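A.B. asks: Turn this into a structure:
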Amino acid sequence: MIKAIIFDYGNVIHKWDNYIFLDKIVKKSNKSYEYIDNFIFSSGLQDKFELGEISEIDFFRIIKEQCNLSITRKEFFKEYTDRLFEKISSTTVLIKKLKKDYKVALLSNTTKVDFDYIIKKLREFSLFDSVTLSFELGLAKPDKRIYLDALKKLNIKPDECIYIDDIKEYSDAASKLGIHGIYYTSYENLIKELKKLNVKV
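C.D. replies: As a prediction, this is how the structure comes out:
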């Protein structure tokens, strides 16, 4: 019997697009778009930030120096968090509905900046029974330990839980642990998959 539903954050609860951020900061640099994109997102720098291995100050300092940015730290993180640009209202409504009968939780690869500036300020954040964040644990999906941490916080067995993610590799990783992984492609498909598992929606 399903007792809990765990949600990913990006593109499940909140739409995000790194290119919104890149389009803005490339104008503050003499480096090419491709250079900045590769330096931040392909080099592993963003991954280190999500793992909590580098601080907010260092993340900004490294990028400013290497990309020759003419921007203040405040301006930089305003553009950075603006890449989380729109709540997915169908999901937030669903979370409120599910909360009546199930535990609901959050499991996300995210940075302290995104969490402090955006995620924890959402009205729906208070609905979560537990929160598992990569930057706090120093672990990121698809590492099995981050899923196990979420299960431990909820005090449930894998087969009593559903995990929803818009990245198939991450929902598949949950499935390998015995969790009911759902690959999020649309609200309609999500409802269809939840009904297959006899979830009240």
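A.B. asks: who's in contact with the residue nearest to residue 184 when sequence neighbours are not counted?
C.D. replies: Spatial nearest neighbour of residue 184, chain neighbours left out: residue 166 (4.5 Å); criterion: CB to CB, 6 or more residues apart in numbering. Where C-beta positions appear, they are placed from N, C-alpha and C, glycine not excepted. Listed by CB atoms under 8 Å, 6 or more residues apart in numbering, the contact set of residue 166 reads 8, 10-12, 183-185.
A.B. asks: give me the element residue 182 is part of.
C.D. replies: Element membership of residue 182, judged by DSSP states H and E, is strand 180-183.
A.B. asks: Downstream of that strand, the next helix or strand is which one?
C.D. replies: Scanning the chain past strand 180-183 towards its C-terminal end, the next helix or strand to appear is helix 187-196 (assignment: DSSP H and E).
A.B. asks: ok, residues contacting that next one?
C.D. replies: Residues external to helix 187-196 that are found in contact with it (CB under 8 Å, 6+ apart): 5, 88, 90-91, 94, 162, 164, 182, 184, 201.
A.B. asks: Tell me where the model's unsure across the protein.
C.D. replies: Along the chain, the model assigns pLDDT under 70 to no residue.
A.B. asks: quick check: domain ranges of it?
C.D. replies: For the chain, the domain assignment from automatic domain parsing gives the residue ranges 4-15+86-196, 18-82.
A.B. asks: all helices of this protein, in order?
C.D. replies: With DSSP state H applied, the chain shows helices at 18-25, 33-37, 45-50, 56-66, 73-81, 89-98, 112-117, 134-137, 144-154, 168-176, 187-196, listed in chain order.
A.B. asks: could you dump the contacts of helix 187-196 to a markdown table with neighbour count and distance to residue 120?
C.D. replies: As requested, those are arranged in a markdown table below (neighbours: other CB atoms under 10 Å; distance: CB to CB, whole Å):
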| residue | neighbour count | distance to residue 120 |
| --- | --- | --- |
| 5 | 25 | 20 |
| 88 | 15 | 17 |
| 90 | 12 | 21 |
| 91 | 20 | 17 |
| 94 | 21 | 20 |
| 162 | 24 | 23 |
| 164 | 24 | 20 |
| 182 | 24 | 25 |
| 184 | 22 | 22 |
| 201 | 14 | 26 |
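A.B. asks: Could you single out the nearest of those residues to residue 104?
C.D. replies: Distance ranking of the contacts of helix 187-196 against residue 104, using CB to CB, places residue 5 first at 5.5 Å.
A.B. asks: Surely that closest one touches residue 98?
C.D. replies: Yes. At 5.5 Å, residue 5 counts as touching residue 98 under the criterion of CB atoms under 8 Å.
A.B. asks: which residues do these two both contact?
C.D. replies: When contacts are counted by CB under 8 Å, 6+ apart, residue 5 and residue 98 are jointly contacted by 104, 199.
A.B. asks: how close does the residue of the chain most remote from its centre sit to residue 70?
C.D. replies: For the chain, the residue at maximal distance from the C-alpha centroid (CA atoms, centre = their mean) is residue 30, at 30.6 Å. Using CB to CB, to the nearest Å, we find residue 30 at a distance of 9 Å from residue 70.
A.B. asks: Fine by me, we can end here.
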